[in-house]
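# Give the three-dimensional model of this entry:
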Amino acid sequence: MASLATYLSVAVATVLWGANFNLAKPVVAEMRPLIAAADRFLIAAGIMLVITYATGNRLTWRHARIYLILGLLGVFGFNLFFFLGMSSTSPINGALIMGLNPVLTSLIASWILGDQPTRLQWLAFPVGLLGVAIVVLGAGARLEVSRGDALMFVACLSWALYNVYLRKLPPKGASALATTTGTMVAGAAALTLVALLSGERFVVPSPYTGSALLMMSVSGGVLAYLLWSAGIARLGPARAAIFMNVVPVASMAISTVSGVPPTPAQLLGGALVIGAVMFSALTGARAKVTTSPCVTSPCG
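Residues are numbered from 1 along each chain as shown. Next up is the predicted model:
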């Protein structure tokens, strides 16, 4: 049965990812999107390698295929299509499409893992999605259909697949730390290759932009991925995915601290999102969670 610490780990991860939207503003203003994505995960992968080897863990070639699959889905695929999609669609559309992630994850998990949410949790999904819609629509943005919408859906699908395969393909004999590190190294390598092939130039950012990029790498990269990996191993992808709806609410809260208070509609939407998450957590705590021995123990 999942503990309070498990729910807190996935909740904190989504809050950190929500902060990335605010931190990304000065980064994308100064750096090209593909370069920013590659730089972010090169830094994160480097930090993870230091932590992994300093704690006595190791990456092995026999797990290279798993690292590659997870890295292509959770780091490369999501970030590539996210940045490309956001370059040709509105933030409102992007946020609404990403709000479909819990449903997509649950559908894929039920198909691949046989991990069925409870009936009450199925009710929480549309409530959370409605909350996301109210939050982003509260900003007064207009819906615009564009080619980027399809790219954002692919990003959402990539993250849903990552959630499922993170649980389906735990490397035998490898620690969760080593798995996360291998995933980041593979994803960072793929992002760097695509950035180089695109012709975009790597640049040295200004101190302010560099600080924001470093925070994205450490908090929204290293720490968030570690917390998410630990939480999803115990909750399962279907139950953990509902917490992704916290991301736009976290970004809204950070904007409030920065001097941009939310509208009444945004407050209402935020309450629905938090309510859906709490409802999912409480109903999930009463359900029996079946996980493989490797993902619920250090496994070396």
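
# which other helices and strands contact the longest helix anywhere in the chain?
Assignment by DSSP state H gives helix 4-30 as the longest helix of the chain. Helices and strands touching helix 4-30, by 3 or more Cβ pairs under 8 Å, 6 or more residues apart in numbering; DSSP states H and E, are helix 33-54, helix 207-217, helix 224-235, helix 246-257, helix 264-285. From N, CA and C alone the C-beta is placed, and that goes for glycine too.

# Let me see the mean pLDDT of the last one.
Same thing as helix 264-285. Mean per-residue pLDDT for helix 264-285: 72.

# If I take that helix and helix 224-235, what angle do their directions form?
50 degrees (axes from the mean of the first three to the mean of the last three Cα atoms, to 10 degrees).

# got a list of contacts for helix 264-285?
Residues outside helix 264-285 that contact it (Cβ atoms under 8 Å, 6 or more residues apart in numbering): 1-2, 7, 11, 118, 120-121, 123-125, 127-128, 130-139, 235, 239, 242-243, 245-246, 248-249, 252-253, 262.

# hmm, try it at 7 Å
By Cβ atoms under 7 Å, 6 or more residues apart in numbering, the list of residues contacting helix 264-285 from outside reads 1-2, 7, 118, 120-121, 124, 127-128, 130-132, 134-135, 137-138, 235, 239, 242-243, 245-246, 249, 252.

# circling back: let me know which of the helices and strands packed on helix 4-30 is tucked in deepest.
Mean neighbours per residue, mean count of other Cβ atoms under 10 Å, is largest over those for helix 224-235, with a mean of 23.

# which helices and strands sit right next to that one?
Here helix 224-235 touches helix 4-30, helix 147-168, helix 176-197, going by 3 or more Cβ pairs under 7 Å, 6 or more residues apart in numbering; DSSP states H and E.

# next helix or strand past the helix or strand of the chain with the lowest mean pLDDT?
Across the helices and strands of the chain, mean confidence by mean pLDDT, DSSP states H and E is lowest for helix 91-98: a mean of 70. Later in the chain than helix 91-98, the nearest helix or strand by DSSP states H and E is helix 101-112.

# What residues sit buried inside that following helix?
101-106, 108-109 (16 or more other Cβ atoms under 10 Å).

# now those residues in TSV, with pLDDT and distance to Ser217?
Output for the buried residues of helix 101-112, formatted as TSV (pLDDT from 0 to 100; distance: Cβ to Cβ, whole Å):
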residue	pLDDT	distance to Ser217
Asn101	79	22
Pro102	79	26
Val103	78	30
Leu104	83	27
Thr105	84	25
Ser106	80	30
Ile108	88	28
Ala109	86	29
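
# Just give me the neighbour total for Val204.
6 (other Cβ atoms under 10 Å).

# no, scratch that, I was asking about Val28
Val28, neighbours per other Cβ under 10 Å, totals 17.

# what's the closest of the buried residues of helix 101-112 to Met216?
Using Cβ to Cβ, Asn101 is the member of the buried residues of helix 101-112 that lies nearest Met216, at 19.7 Å.

# On the three-state scheme, the closest residue to the closest one other than its chain neighbours is what?
Leaving aside its chain neighbours, Asn101 sits nearest to Met244 (4.8 Å; criterion: Cβ to Cβ, 6 or more residues apart in numbering). Here Met244 is helix, with the state taken from DSSP: H, G, I helix; E, B strand; the rest coil.

# who are the neighbours in contact with Met244?
14, 101-102.

# Make TSV out of those and add distance to Val257.
TSV is the format used below for the contacts of Met244 (distance: Cβ to Cβ, whole Å):
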residue	distance to Val257
Thr14	17
Asn101	25
Pro102	26
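
# And these, which is closest to Ala95?
After measuring the contacts of Met244 against Ala95 - Cβ to Cβ - the closest member comes out as Asn101, at 11.0 Å.

# still on that earlier bit, right, and the helices and strands packed on helix 4-30 - which one's nearest Leu113?
Per Cβ to Cβ, nearest to Leu113 of the helices and strands packed on helix 4-30: helix 224-235, 11.6 Å.
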